[in-house]
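Visitor: With the sequence up front, the predicted model follows.
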Amino acid sequence: MSTQPEALRLAEQLKERFGGTVPTSQAAAELRRLHHNNQVLTDALWKACGDDEDMVSGTIASQGELK
C-alpha cells in the first residue's frame, strides 16, 4: 500500500492516463500546489500549537469539519 498523499497520487494518475494535455497538466499542477500549501499550513498549525496534538485537534474542530 502506498503512503503517497491522495492529491499527489491523483496528479500522477492524470498524467499517466491523459498524457500531457494542457488541461490535464494544469489540473495535476493545481493538485500538487494545493497539496504543498496544505502541508505548509499544517506544519505551521502544529508549530503554533507547540506540537500539542489535543490543541491541534481542538483548533481544527473549532473551525468546522474537514471534508
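Guide: That came through fine.
Visitor: okay, CA-based contacts and neighbour counts for the rest of this
Guide: Noted.
Visitor: lowest-pLDDT helix or strand in the protein?
Guide: helix 6-18 (a mean of 90; mean pLDDT, DSSP states H and E).
Visitor: what residues are up against Ala27?
Guide: Each residue near Ala27 by Cα atoms under 8 Å, 6 or more residues apart in numbering is listed here: Ala11.
Visitor: Quick check: the gap between the residue lying farthest from the centre of the chain and Leu10.
Guide: For the chain, the residue at maximal distance from the C-alpha centroid (Cα atoms, centre = their mean) is Thr21, at 23.0 Å. Distance from Thr21 to Leu10, counting by Cα to Cα, to the nearest Å: 16 Å.
Visitor: shouldn't Arg32 be in contact with Leu8?
Guide: Yes: applying Cα atoms under 8 Å as the test, Arg32 and Leu8 come out as touching, 6.0 Å apart.
Visitor: Look up the closest residue to the residue nearest the centre of the chain, ignoring the ones flanking it.
Guide: In the chain, the residue lying closest to the centroid (Cα atoms, centre = their mean) is His35, at 3.0 Å. Using Cα to Cα, 6 or more residues apart in numbering and skipping the chain neighbours, the partner closest in space to His35 is Ala7 (6.2 Å).
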